[in-house]
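> sequence first, then the predicted structure, then my questions.
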Amino acid sequence: MDGVLVVDKPRGLTSHDVVAAARRALREKRIGHTGTLDPIATGVLPLACGRATRLVRFLTASDKDYDAEIRIGLATDTYDVTGREISRADRVPSRQEVAAALDTLKGEYLQAPPPYSAKKIGGRRAYELARADVAVQPAPVAVSVQRLELVDVTANVAAVRLTCSSGFYVRALAHELGVRLGVGACLETLRRTRSGQFDLHDALTFEALAREPATAQSKIVP
């Protein structure tokens, strides 16, 4: 069973949880995901199955599209709403201020990954050190943001749509937006709508993956 199965990951599960479910449903041990989605995130998660696992590094390197909601005025240690609150501000920036700050986050630049990330520091995952109250700051990596649109601003939540390179952290974008606005910000919701050539139209729901193995097999892209 060689190919790619695209799953619409639900909120609350890890990417590894989805891989484990696919291994059970397809009875295939050789399955790997092509780009981690945090538990808070939903959407397109391509799984390489069988001999297609050899292509993971190429699939992971593809550009990705996201829809995100950013909570303005709240900063956390994980850069998303699941983390511990670091600061809170009452001032609500105008739509023009938010749009101007987002404009500065387009293009190519070095992005510092969140302290709570899977990046390795001295052989250990950054999130392991952060949970042990060790101050960490993973080394910045080169990223690019080809598209970053402000869709709407409602109360203290900014809805954005973006296209970015592999290795880009939308959580870090949310945090940096808060820094530039001077009020703090964190990621509230995230949905990946495309990963490389695969989008939501190709995706199988997690429920169907778990309950309808025959349907999952029929959705594999050779």
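Yes, it's here.

> lowest-scoring secondary structure element of the chain by mean pLDDT?
Lowest mean confidence among the helices and strands of the chain (mean pLDDT, DSSP states H and E): helix 126-131, at a mean of 54.

> tell me the helix or strand right after that helix.
Stepping forward along the backbone from helix 126-131, the first helix or strand reached (DSSP states H and E) is strand 141-154.

> please state the offset of the helix or strand that comes right after that following strand from the chain centre?
For strand 141-154, the succeeding helix or strand toward the C-terminus, using DSSP H and E, is strand 157-164. Offset of strand 157-164 from its chain centre (Cα atoms, centre = their mean, to the nearest Å): 12 Å.

> now stretch 93-107
Centre to centre, stretch against its chain (Cα atoms, centre = their mean), the figure for stretch 93-107 is 21 Å.

> can you give me the helices for the chain?
15-26, 56-60, 95-103, 126-131, 170-181, 206-211, 213-218 (DSSP state H).

> I'd like these as CSV, with mean neighbour count appended.
No exception for glycine: its C-beta is placed from N, CA and C like everyone else's. Output for the helices of the chain, formatted as CSV (neighbours: other Cβ atoms under 10 Å):
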stretch, mean neighbour count
helix 15-26, 17
helix 56-60, 16
helix 95-103, 16
helix 126-131, 17
helix 170-181, 22
helix 206-211, 16
helix 213-218, 14
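
> nearest to K9, of these?
For the helices of the chain, proximity to K9 was assessed by Cβ to Cβ; helix 15-26 is nearest, at 5.5 Å.

> what packs against that closest one?
Here helix 15-26 touches strand 3-9, strand 31-33, strand 41-49, helix 206-211, helix 213-218, going by 3 or more Cβ pairs under 8 Å, 6 or more residues apart in numbering; DSSP states H and E.

> neighbouring contacts of stretch 182-191?
Contacts to stretch 182-191, defined as Cβ atoms under 8 Å, 6 or more residues apart in numbering, come from residues 37-38, 40-43, 66-76, 78-81, 83, 86-89, 91-93, 157-158, 170-171, 174-175, 177-178.
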